[in-house]
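Enquirer: sequence? don't have it. structure:
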């Protein structure tokens, strides 16, 4: 959960607490405060269940986007996903860098890289995913966290990525301890890959900051990628 989300929750709790205490002095009845709280809770519930949380995502993203550091973190995070997917030969269909862009594209969440995962998902449904496919899947999803930590020393995003992978691990009926080890190992692999392709990563960050097309972003990677050492 981001710091802005935590701040909003704290502010809301503080506001309703103060209203309940000071309401009578301001001429507000306890019933009015209770109705206001119930209304807010109802709006949040409808948003989560009916709109998959898009309304809340848009509000949080709108407030977050005021920070230049936040915007750059998003770009660096998503560039990690993009670069890793490209180098592991997973086709990239599109990318978005904000909840507003995702909403306009009809996508859930705060934005991200959309890649063609049909082959991997088909194997998952059949319960016959290969070790190689699993490694690719894990590296791509952990690459955002790896990129953020590499650039900033810590990662604020990526909790959804971890949740997705933990859900997959449960589907495979594997032990939780083994799953957590897999997360850490995949993050290390993704970090090493990004470091080896630092020039390509930096060029991709520049291209994505400029909202370049997927094709242009791929060209930026190709122009700056390091040849594999054999």
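Expert: Alright, I've got the coordinates. Since we're looking at a predicted model, the values are computed, not measured.

Enquirer: check contacts around residue 182.
Expert: Taking C-beta atoms under 8 Å, 6 or more residues apart in numbering as the criterion, residue 182 is in contact with 138, 165, 169. Just so you know, the C-beta spots here come from the backbone N, C-alpha and C atoms, and that holds for glycine as well.

Enquirer: Likewise for residue 87?
Expert: 193, 197, 221, 225.

Enquirer: want to throw these into JSON lines with distance to residue 182?
Expert: Shown next, in JSON lines, are those (distance: C-beta to C-beta, whole Å):
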{"residue": "193", "distance to residue 182": "16"}
{"residue": "197", "distance to residue 182": "23"}
{"residue": "221", "distance to residue 182": "26"}
{"residue": "225", "distance to residue 182": "27"}
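
Enquirer: Surely residue 179 touches residue 169?
Expert: Yes. Residue 179 sits in contact with residue 169 when judged by C-beta atoms under 8 Å, with a separation of 3.8 Å.

Enquirer: Can you tell me the element residue 93 falls in?
Expert: Using DSSP states H and E, residue 93 falls within strand 92-96.

Enquirer: For that strand, which residues meet the burial criterion?
Expert: 92, 95-96 (16 or more other C-beta atoms under 10 Å).

Enquirer: who does that strand pair up with?
Expert: strand 112-115 (antiparallel) (DSSP bridges).

Enquirer: pLDDT of the strand it pairs with, averaged?
Expert: Strand 112-115 carries an average pLDDT of 89.

Enquirer: Mind listing what's buried along that strand?
Expert: Buried positions in strand 112-115, judged by neighbour count with 16+ other C-beta under 10 Å: 112-115.

Enquirer: ok, so of those residues, who is nearest residue 209?
Expert: Nearest to residue 209, judged by C-beta to C-beta, of the buried residues of strand 112-115 is residue 113 at 14.5 Å.

Enquirer: The closest one contacts residue 85, correct?
Expert: Yes. Using C-beta under 8 Å, residue 113 is in contact with residue 85, at 6.5 Å.

Enquirer: Give me the common contacts of those two.
Expert: By C-beta under 8 Å, 6+ apart, the residues touching both residue 113 and residue 85 are residue 92.

Enquirer: ok, residue 218 touching residue 91?
Expert: No. Residue 218 is not in contact with residue 91 according to C-beta under 8 Å; the separation is 10.0 Å.

Enquirer: got CSV for the contacts of residue 182, with pLDDT too?
Expert: Below are these laid out as CSV (pLDDT from 0 to 100):
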residue, pLDDT
138, 95
165, 94
169, 91
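
Enquirer: from these, which would you call buried?
Expert: 138, 165, 169.

Enquirer: Closest to residue 73 out of those residues?
Expert: Among those, and counting by C-beta to C-beta, the member closest to residue 73 is residue 165, at 20.5 Å.

Enquirer: That closest one and residue 82, how far apart?
Expert: For residue 165, the distance to residue 82 equals 18 Å [C-beta to C-beta, to the nearest Å].

Enquirer: same question, residue 176
Expert: From residue 176 to residue 82 the distance is 30 Å (C-beta to C-beta).

Enquirer: who's more crowded, these two?
Expert: Taking neighbours as other C-beta atoms under 10 Å, residue 176 and residue 82 compare with residue 82 leading, 29 against 10.

Enquirer: That one sits in which helix or strand?
Expert: Counting by DSSP H and E, residue 82 is part of helix 68-87.

Enquirer: Which positions in that helix come out as buried?
Expert: Buried residues in helix 68-87, defined by neighbour count with 16+ other C-beta under 10 Å: 70, 73-87.

Enquirer: now swap in stretch 127-147 and tell me
Expert: For stretch 127-147, a neighbour-count test (16+ other C-beta under 10 Å) marks 129, 133-134, 136-147 as buried.
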